[in-house]
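Novice: return a 3D structure for these sequence lines:
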Amino acid sequence: KAKTYWVWTELAERKNPARARAGEPIWAHQMYEAPAFMLKDGLIIDSSKTDLTEKQANIFDYLGG
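Specialist: Residues are numbered from 1 along each chain as shown. Just a heads-up that it's a prediction; the model follows:
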């Protein structure tokens, strides 16, 4: 059970880029309670333990600065 909610890890994205993007929430039906193997295998992490802001675009991404 997640403290906040589960998000995909970079490992999950590398293994299955069509279904998982690092830093994004996992499937809605498992967002708060996911199978233990997903955590054990490093596919998900609690969103409170990651910096989600590094995945967000900001104005400087578009201005080239």
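
Novice: hey, let's count contacts and neighbours off CA atoms from now on
Specialist: Fine.

Novice: show me where this protein has its helices.
Specialist: For the chain, applying DSSP state H gives helices covering 10-15, 36-40, 59-63.

Novice: and the first one, C-alpha only, in CSV?
Specialist: Put plainly, it is helix 10-15. Included here for helix 10-15 are C-alpha records, laid out as CSV according to Å, rounded to 0.1, in the frame of the first residue of the first chain:
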residue,chain,number,x,y,z
GLU,A,10,12.8,4.3,-15.0
LEU,A,11,13.4,0.6,-15.0
ALA,A,12,9.7,0.0,-15.8
GLU,A,13,9.9,2.5,-18.6
ARG,A,14,12.9,0.8,-20.1
LYS,A,15,11.3,-2.6,-19.9
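
Novice: contact partners of that helix?
Specialist: Residues outside helix 10-15 that contact it (C-alpha atoms under 8 Å, 6 or more residues apart in numbering): Arg19, Ala20, Arg21, Ala22, Gly23, Gly42, Leu43, Ile44.

Novice: of the residues you listed, which pair is most distant in space?
Specialist: Using C-alpha to C-alpha, the pair of the contacts of helix 10-15 lying farthest apart is Arg19 and Gly42, separated by 15.4 Å.

Novice: picking up where we left off before, next step: the contacts of helix 10-15 restricted to strands.
Specialist: Secondary structure defined by DSSP state E assigns Ile44 of the contacts of helix 10-15 to strands.

Novice: neighbour-wise, which of the contacts of helix 10-15 leads?
Specialist: Ile44 (27 neighbours; other C-alpha atoms under 10 Å).
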